[in-house]
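K.L.:
Pasting the sequence and the predicted model now:
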Amino acid sequence: MTEHYIDAMGFMCPVPNMMVQEKLEQAQQGDVIILETDHSCAAVNIINDMKKKKIRAASSEIDNGIWRVVIRL
């Protein structure tokens, strides 16, 4: 299992989602992708996209205005 970290601070949609898509191409079953963003819409869009792909994902606000999205393959 590998943990992939994406720092998407300061990036607005669709850039964070594109960053996740790039990591998904590199990741393997059992890997975890962690993305941190200061753009709440990015977290929502990534979660919705992962649901469509039937990939487990969850987000939480870890600090005021900072969200962490955890994707488990």
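P.N.:
Structure's in. What do you need? Residues are numbered from 1 along each chain as shown.
K.L.:
can you pull out the helices in the chain?
P.N.:
With DSSP state H as the criterion, the chain has helices at 15-26, 40-52.
K.L.:
ok, and for the shortest one, which residues are buried?
P.N.:
Buried positions in helix 15-26, judged by neighbour count with 16 or more other Cβ atoms under 10 Å: Pro16, Asn17, Met19, Val20, Lys23, Leu24. For glycine as for every other residue, the C-beta is placed from the backbone atoms N, C-alpha and C.
K.L.:
got the contact list for it?
P.N.:
Residues outside helix 15-26 that contact it (Cβ atoms under 8 Å, 6 or more residues apart in numbering): 4, 6, 8, 11, 33, 35, 37, 39, 42, 45-46, 49, 55, 69, 71, 73.
K.L.:
between that helix and helix 40-52, how many degrees?
P.N.:
40 degrees (axes from the mean of the first three to the mean of the last three Cα atoms, to 10 degrees).
K.L.:
any idea of the mean pLDDT in helix 15-26?
P.N.:
Mean per-residue pLDDT for helix 15-26: 97.
K.L.:
From here on, call the first residue 746.
P.N.:
Yep, numbering from 746; the last one is helix 760-771 now.
K.L.:
picking up where we left off before, okay, the helices of the chain in JSON lines with distance to Ser805 next?
P.N.:
Listed next are those as JSON lines, based on distance: least, Cβ to Cβ, whole Å:
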{"stretch": "helix 760-771", "distance to Ser805": "16"}
{"stretch": "helix 785-797", "distance to Ser805": "9"}
